[in-house]
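> coords below, sequence missing:
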């Protein structure tokens with residue numbers, strides 16, 4: 001029915017708005033996601049949905065949420081701390097719905113395009129507010145950060161830069177010089193902003209990992225050698241021309257020797273958090289101390305201490321430690337199994353698989369120095385990115401005869417219970433990328 005097609009477009013628009021608002025707000029994405037869920041639930045084919053819950057991509061994420069719920073039983077924290085302990089993992093309840101919906105919707109690229117456009121506008125504004133701080137949209141602690149913080153901004157910009165790497169390569173191979181120049185210009189602007197304006201040092205950890213991943217999947221050996229030779233040369237130029245980057249690296253030594261939080265102390269703080277976390281894990285290695293127990297344990301350990309040792313936090317700045325403190329080795333097993341399952345979900349060589357893989361690998365790597373899976377911003381990037389890209393990847397794996405049958409019965413739409421989703425893909429900034437084959441050069 002026409003009403004159903006309009007309903008589907010509205011539903012697609014809601015998730016697109018959620019992705020577009022992520023760089024700018026915390027409340028707006030949550031509102032749009034709730035509205036999207038209310039719109040999607042009536043369209044779900046529950047029989048198929050239940051079957052999909054058994055797939056690793058869904059089951060392992062939900063198992064982690066279930067462990068958090070059960071973990072309240074043995075938690076050593078008060079109930080006022082246990083209940084908020086579930087919230088960081090609650091976003092994973094949306095993942096099965098995203099995977100199910102985008103196996104049917106043909107507008108998943110709307111979501112990626114909206115996020116890219118939104119981050120591009122943020123990047124342009126970042127350069128502007130670096131010169132004109134009075135134009136900031138909110139009070140932020142860092143120059144060149146219009147809203148929120150430099151950690152979130154770095155995660156967004158790096159994700160966009162690496163997601164664009166495959167379209168740029170595809171355009172170069174097809175000799176589409178204008179498109180290639182456009183993508184490369186965007187990549188350079190995102191990376192330059194991170195290296196000259198403001199960046200999280202975590203980005204310096206996951207960017208080389210993503211670069212190696214890209215080269216191993218999409219470049220020949222000869223092209224890989226040329227790429228890394230170019231990167232080495234550019235890195236030397238950047239090091240000599242970016243006082244900001246040199247200062248950020250030099251600060252590590254200063255932070256390492258910090259004794260309190262009167263100055264910059266990020267490195268020393270992390271080391272102390274990790275030392276204490278390992279001690280807490282050793283006390284309850286199998287099941288952990290229970291949901292919401294991190295702050296309680298740090299508060300208990302801070303009694304009688306001074307300086308950095310007296311800090312009370314609810315985030316050890318490492319995702320593995322975050323999970324292990326609360327749910328022990330069982331939680332760590334589920335966490336890594338989920339990550340592996342999501343990596344395996346994106347085994348293809350097309351653009352959607354590459355975007356999904358970048359989202360997962362970036363999160364895994366950045367979670368070495370942060371609890372990015374359970375942070376609001378980075379966590380929602382992960383859930384939306386994996387949900388949309390994963391749904392498309394699963395649809396692409398469906399047997400050809402199933403797709404043929406759908407096309408035969410519904411020539412202009414794909415039916416989802418009482419509603420329909422148009423199968424006409426709308427033009428977006430990201431191209432449909434064919435499977436990449438290695439050539440003699442790239």
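Noted; the coordinates are in hand. Just so we're clear, the structure is a prediction, and the values are computed from it rather than from any experiment.

> helix/strand/coil for residue 262?
Judged by DSSP: H, G, I helix; E, B strand; the rest coil, the three-state class of residue 262 is coil.

> distance of it relative to residue 308?
10 Å (C-beta to C-beta, to the nearest Å). Placement of C-beta: from N, CA and C, glycine included.

> likewise residue 44?
Distance of residue 44 to residue 308, given as C-beta to C-beta: 49 Å.

> again, but for residue 268
Residue 268 sits 6 Å away from residue 308, going by C-beta to C-beta.

> so these two - more neighbours on which side?
residue 268 (20 against 17; other C-beta atoms under 10 Å).

> what's the nearest residue to residue 363 if we skip its chain neighbours?
In space, and not counting its chain neighbours, residue 363 is closest to residue 382: 4.9 Å by C-beta to C-beta, 6 or more residues apart in numbering.

> residues touching the one you found, list them.
Contacts for residue 382 (C-beta atoms under 8 Å, 6 or more residues apart in numbering) come out as 359, 360, 363, 372, 373.

> next step: these restricted to helices.
Using DSSP state H, the subset of the contacts of residue 382 located in helices is 359, 360, 363.

> picking up where we left off before, overlap of the contact sets of residue 268 and residue 308?
Counting by C-beta under 8 Å, 6+ apart, the residues touching both residue 268 and residue 308 are 258, 259.

> now do the buried residues in stretch 169-179.
By 16 or more other C-beta atoms under 10 Å, the buried positions in stretch 169-179 come out as 169, 170, 171, 172, 179.

> dump those residues into CSV; add secondary structure, distance to residue 77 and pLDDT as well.
Shown next, in CSV, are the buried residues of stretch 169-179 (DSSP: H, G, I helix; E, B strand; the rest coil; distance: C-beta to C-beta, whole Å; pLDDT from 0 to 100):
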residue, secondary structure, distance to residue 77, pLDDT
169, helix, 49, 96
170, helix, 51, 96
171, helix, 53, 97
172, helix, 54, 96
179, helix, 54, 96
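
> residue 125: helix or strand, and which one exactly?
Per DSSP states H and E, residue 125 falls inside helix 108-131.

> next structured bit after that helix?
helix 150-163.

> for that following helix, name the packing helices and strands.
Judged by 3 or more C-beta pairs under 8 Å, 6 or more residues apart in numbering; DSSP states H and E, helix 150-163 is in contact with helix 108-131, helix 177-196, helix 203-218, helix 351-366, helix 376-396.

> I'd like those helices written out as TSV, with distance to residue 253 added.
TSV is the format used below for the helices and strands packed on helix 150-163 (distance: least, C-beta to C-beta, whole Å):
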stretch	distance to residue 253
helix 108-131	26
helix 177-196	20
helix 203-218	15
helix 351-366	22
helix 376-396	27
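
> so which of those helices is nearest residue 281?
The closest of the helices and strands packed on helix 150-163 to residue 281 is helix 351-366. By C-beta to C-beta, the value is 19.6 Å.

> what's the burial count for residue 104?
Per other C-beta under 10 Å, the neighbour tally for residue 104 reads 22.

> so it touches residue 398, yeah?
No. With contacts counted by C-beta atoms under 8 Å, residue 104 stays clear of residue 398, the gap being 10.6 Å.

> now stretch 84-98: buried residues?
For stretch 84-98, the neighbour count (16+ other C-beta under 10 Å) marks 85, 88, 89, 91, 92, 94, 95, 96, 97, 98 as buried.
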